[in-house]
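Participant: Build the 3D model from these lines:
(chains A, B and C)
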Amino acid sequence: MQIPVEGFMYPNEVELQWSILIVLYPFITGLVAGAFILASLERVFRVQAVKPTYRLALLTALAFLLVAPLPLQLHLGHPERSLEMYLTPHRSSAMAMFGFVYLWYLMGVLLLEIWLDYRREIVELSQTTSGGLRWVYRVLTLGSRNVSERSLRIDERLGYFITLIGIPSAFLLHGYVGFIFGSIKANPWWSSPLMPIVFVFSAMVSGISAVMLLYMLSTRLRGQQIDMRCLDTIARYLLYTFIIDFSLEMLDLLQRVYEADESFRSLDFMVHTRLWTSQVIIQILLGTVTPIALLGLTQVLKFRDIARKRVYGLAGCLTMIGIFAMRWNVVIGGQLFSKSFLGYTTYKMAFATREGLLTAIALMILPFIILWVLVKLLPPWAESGSLPGSGVAPAHGTS
Amino acid sequence: MDITRRRLLALLPAAAVAWKYVLAGTPEASPNYKLTEHWWGMLIDIPKCIGCGSCVRACAEENDVPEGYYRTWIERYHVADWKIERPEVESPDGGKQGFPPHADDGGKNFFVPKLCNQCAESPCTQVCPVGATFVTPDGVVLVDKSYCLGCRYCIQACPYGCRFLNPKTNTAEKCSLCYHRITKGLTTACCEVCPTGARQLADLKNPKDPIHEFLKTHTVQVLKPHMATGAKVFYNGMDGSVR
Amino acid sequence: MFKDIEHLIRLAAVIAVALVAFVILRAAVVPHSFGQYGHYRGAAIGETASRPIAFAGHDACEGCHTDVVDQKKLGKHVVVACEACHGALAKHADDPGSVQPTKLDTAIVCARCHEANSAKPQGFPQVATADHSGGLACDTCHQPHRPKIEAEGKK
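Facilitator: Numbering: from 1, shown residues only, chains lettered A, B, ... in the order given. Modelled structure (predicted):
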């Protein structure tokens, strides 16, 4: 298909290399990091108010983390060779080192923390459930049935320690993705020391927002009352993080506009034309300024519970759209202009191909399906009014 | 010194490693070629380039380059008066079929052939996650087709836009400086067919190579020196407008 | 005491087994020449160097076609390699009898270099072919191996 080019692009630059799948990837890992940070607020920083979302946040992080490698695999020219990244990692490559950061975070932090927190229930469920599911729980117990007070206390201590390590690990997970882009000197839209930091904060924003929305939705589905103190606290943390994130992005923009170096003229034109809708309208106005204003309003004015819930819901949805737009603008935007600074190309997104829109939509739906399975397998809530088929009352991190 | 059995046992692994290095530097196809004796680069003489496109066509044929992708290409520049920072550039099909005739429109016009700069500190090899692209001991940046994942990180990292993803092999690809030719004493396909000598292969480690004298007596640049890539393709007579 | 950390010991054992499996996998799967010269498969150098050659190089042509060499020596095209116009002919050089190069269409081949273009160096011979030859093929008047038209005899 003919790709419309304006001005001059190096002949090999016309076709975009990284598609919507590579936009999805930082979005998904961002949700993971953000959800985990929210969970750690309770565990490490003792913010009691957000306790009701602790387990849900962990399971959300896991569901998204399991899906995270899929867009990458689908994008590779040779996915069957992807094991090479673990067998012969090139130490100077941020991408290679990220493979280990991901593995560490998945195994050493997230899975371990979930296992330790749920161990008592897992042991109980391995004894009370019947059928094939029983074997799943039995495997998860690793053959040990000890749930004595002492062992549970050891679990608690170890879990605390892991969460403690988990916080910098979560920052590392998504900061690394920022570094993968930020370290490319060839691309002035990406190359910036601020990249990892901007990515981490926008990840936190999207993760907190996602857990907030999921908490509201799941509580509704269970026919339960939303804990407003919890929700208000989450919304407050969302607002603070958002303000920091927005400040960082505006700082970057201000510096670029003022210095106006060689790349600036080309990038400025790109933002005013090809990225106008996705960056200025969707990311900044709808996706950042509006949610910040809405959340700010709830801090300044007194709203009734029901009004506040509606505002949080709206702000949360706009935030998710805004952060997705931010990933789009970074990944796609960075490939729309020529490295000669003399031209622009167009992204022709396919629909039903391996890297097309349909695949991207499927990959965004998949984590919710996995989350549903996880919630069934390891229920985050007490018995009454839970989703059908869940197990016993959990010891820690519930409502 | 007595060669005791113990000493021999200790020496053998060391000898095996040493033998490996003795054998190193001799690719099977060219038994007389020693990797450490060469350091490859290229000289492009811009005032000599006539934009005929022979190099682009020859490269495509020599290296099976698929349609629409380019291991080398030619750009035509038009610089109006003092507007050095805003040249008008075109490269129809990479210059493969030459360029359409232009009437003299005032200003300065010239051709610039481009290819992989065979960077000594190449950013593309720095970012490859698995070691599928690398700088050989004789200074050529190659891609290992059977190891490349097709992640395209190297394509993003190249400041010169010389890399692409080959849709047939689904691996990254770029100019290999006709490695299969230069290791046999031939020159690259593009240099072979260039009718004016605008492109010339250079062996920087060979004291008799004419490039040394040329570099001493001419005004020469590399592309994007601020990127500090250690580029080894040298451009004679290159205008400041060249991007 | 150990009873209370039994589950952690089991977990440690699982991790240890996984690590050992990884090490064994690595030893089995990583190509042998990897790391020979640097962080890449050393054998790739030899493989790249063994690719088949398409252009023979003018030295190969000049071995047999000495008459053309003599003719070219007298003109400006002495610096132009044979395959620049005739295309890749390594197959012909290897087996001259069975692989015949195709006859060239001078209207196309010559124009690529000599069609007038403002970006070509001023001193380089170039013409607007429509005005210059009025549609005639270039070899009507020019001998490609010795292109300058002398006062006496051409072909």
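Participant: In space, what's closest to residue A:238 - neighbours in sequence excluded?
Facilitator: Of all residues not flanking residue A:238 in the chain, residue A:208 sits nearest, at 4.7 Å (Cβ to Cβ, 6 or more residues apart in numbering or on different chains). C-betas here are computed from N, CA, C, even on glycine.
Participant: Quickly list the domain ranges of chain C.
Facilitator: Chain C resolves into domains spanning C:2-49, C:58-140 when parsed by automatic domain parsing.
Participant: can you redo the ones you listed as JSON lines with mean neighbour count, distance to residue A:64 and mean pLDDT?
Facilitator: JSON lines is the format used below for these (neighbours: other Cβ atoms under 10 Å in any protein chain shown; distance: least, Cβ to Cβ, whole Å; pLDDT from 0 to 100):
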{"stretch": "domain C:2-49", "mean neighbour count": "15", "distance to residue A:64": "23", "mean pLDDT": "93"}
{"stretch": "domain C:58-140", "mean neighbour count": "15", "distance to residue A:64": "53", "mean pLDDT": "90"}
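Participant: Which stretch among those domains approaches chain A most closely?
Facilitator: Distance to chain A, taken as Cβ to the nearest Cβ, is lowest for domain C:2-49 among the domains of chain C, at 3.8 Å.
Participant: what about that closest one, distance to the chain center?
Facilitator: 39 Å (Cα atoms, centre = their mean, to the nearest Å).
Participant: hmm, it in reach of chain A?
Facilitator: Yes - Domain C:2-49 lies within reach of chain A by Cβ under 8 Å from any Cβ of the partner chain, at C:3-8, C:10-11, C:14, C:22, C:25-26, C:29-30, C:34, C:39.
Participant: ok, those residues vs residue A:222, which is closest?
Facilitator: residue C:7 (30.7 Å; Cβ to Cβ).
Participant: which one is that closest one nearest to, not counting chain neighbours?
Facilitator: With Cβ to Cβ, 6+ apart as the criterion, residue C:7 has its nearest non-adjacent residue at 3.8 Å, and that residue is residue A:144.
Participant: these two touch, right, residue B:90 and residue B:76?
Facilitator: Yes - shown here, residue B:90 and residue B:76 form a contact pair, counting by Cβ atoms under 8 Å, at 5.3 Å.
Participant: Give the residues shared as contacts by the two.
Facilitator: Here residue B:90 and residue B:76 have residue B:99 as joint contacts, going by Cβ atoms under 8 Å, 6 or more residues apart in numbering or on different chains.
Participant: between the two, which one's more packed in?
Facilitator: residue B:76 (25 against 18; other Cβ atoms under 10 Å in any protein chain shown).
Participant: Just list the residues touching that one, thanks.
Facilitator: B:51, B:89-91, B:95, B:99, B:109-112, C:119.
Participant: distance between the host helix or strand of it and the chain's centre?
Facilitator: Following DSSP states H and E, one finds residue B:76 within strand B:72-79. How far strand B:72-79 lies from its chain's middle: 18 Å, per Cα atoms, centre = their mean.
Participant: Just checking: what are the partner strands of it?
Facilitator: strand B:88-90 (antiparallel), strand B:108-115 (antiparallel) (DSSP bridges).
Participant: follow-up on the earlier one: and the residue nearest to residue C:7, which helix or strand is it part of?
Facilitator: With DSSP H and E as the test, residue A:144 turns up in no helix or strand.
Participant: so who does the closest residue to chain A within chain B touch?
Facilitator: Residue nearest to chain A within chain B (Cβ to the nearest Cβ): residue B:150, separated by 1.8 Å. When contacts are counted by Cβ under 8 Å, 6+ apart, residue B:150 touches A:76-78, B:165, B:170-172.
Participant: go on, residue A:172?
Facilitator: Residue A:172 touches A:101, A:105, counting by Cβ under 8 Å, 6+ apart.
Participant: distance of it from residue B:187?
Facilitator: Residue A:172 sits at a distance of 49 Å from residue B:187 (criterion: Cβ to Cβ, to the nearest Å).
Participant: again with residue C:40
Facilitator: On the measure of Cβ to Cβ, residue C:40 and residue B:187 end up 25 Å apart.
Participant: chain center to stretch A:51-62, what's the gap?
Facilitator: Per Cα atoms, centre = their mean, the centroid offset for stretch A:51-62 relative to its chain is 13 Å.
Participant: Please read the previous query as pertaining to stretch A:141-154.
Facilitator: 32 Å.
Participant: now swap in stretch C:109-122 and tell me
Facilitator: Taking Cα atoms, centre = their mean, the mean C-alpha location of stretch C:109-122 is offset from the chain mean by 23 Å.
Participant: so does that stretch get close to chain B?
Facilitator: Yes - counting by Cβ under 8 Å from any Cβ, chain B has neighbours in stretch C:109-122: C:111-113, C:115-121.
Participant: tell me how far the ends of that stretch are from each other?
Facilitator: 21 Å (Cα to Cα, to the nearest Å).
Participant: anything in it near chain A?
Facilitator: No - counting by Cβ under 8 Å from any Cβ, chain A is not contacted by stretch C:109-122; separation bottoms out at 14.4 Å.
Participant: quick one: the strands in the chain?
Facilitator: Picked chain A for this. A:6-7, A:343-344 (DSSP state E).
Participant: actually it's chain B I care about, not the one you picked
Facilitator: B:40-45, B:72-79, B:88-90, B:108-115, B:133-135, B:141-143, B:164-166, B:171-173, B:199-203, B:220-221, B:233-236.
Participant: which among the contacts of residue B:150 end up buried?
Facilitator: Buried members of these, scored by 16 or more other Cβ atoms under 10 Å in any protein chain shown, are A:76-78, B:165, B:171-172.
Participant: Make JSON lines out of the residues you listed and add pLDDT and distance to residue A:311.
Facilitator: Converted to JSON lines, these look like this (pLDDT from 0 to 100; distance: Cβ to Cβ, whole Å):
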{"residue": "A:76", "pLDDT": "96", "distance to residue A:311": "42"}
{"residue": "A:77", "pLDDT": "94", "distance to residue A:311": "46"}
{"residue": "A:78", "pLDDT": "96", "distance to residue A:311": "48"}
{"residue": "B:165", "pLDDT": "97", "distance to residue A:311": "46"}
{"residue": "B:171", "pLDDT": "97", "distance to residue A:311": "51"}
{"residue": "B:172", "pLDDT": "97", "distance to residue A:311": "49"}
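Participant: Now stretch A:124-143: buried residues?
Facilitator: A:124-126, A:129, A:137-138, A:140-142.
Participant: Quick one: mean pLDDT for that stretch?
Facilitator: Per-residue pLDDT values across stretch A:124-143 average out to 90.
Participant: now stretch A:217-235
Facilitator: On average, stretch A:217-235 scores 91.
Participant: same thing with stretch B:178-189?
Facilitator: What stretch B:178-189 shows for mean pLDDT is 96.
Participant: do stretch B:206-223 as well
Facilitator: What stretch B:206-223 shows for mean pLDDT is 96.
Participant: ok, that stretch near chain C or not?
Facilitator: No - using Cβ under 8 Å from any Cβ, stretch B:206-223 stays clear of chain C, coming no nearer than 14.7 Å.
Participant: What are the contacting residues of that stretch?
Facilitator: So stretch B:206-223 is contacted by B:38, B:41, B:43, B:114, B:117, B:160, B:200, B:202-204, B:231-238, B:242 (Cβ under 8 Å, 6+ apart).
Participant: 7 Å instead, please
Facilitator: Residues outside stretch B:206-223 that contact it (Cβ atoms under 7 Å, 6 or more residues apart in numbering or on different chains): B:43, B:117, B:160, B:202-204, B:231, B:233-236, B:238.
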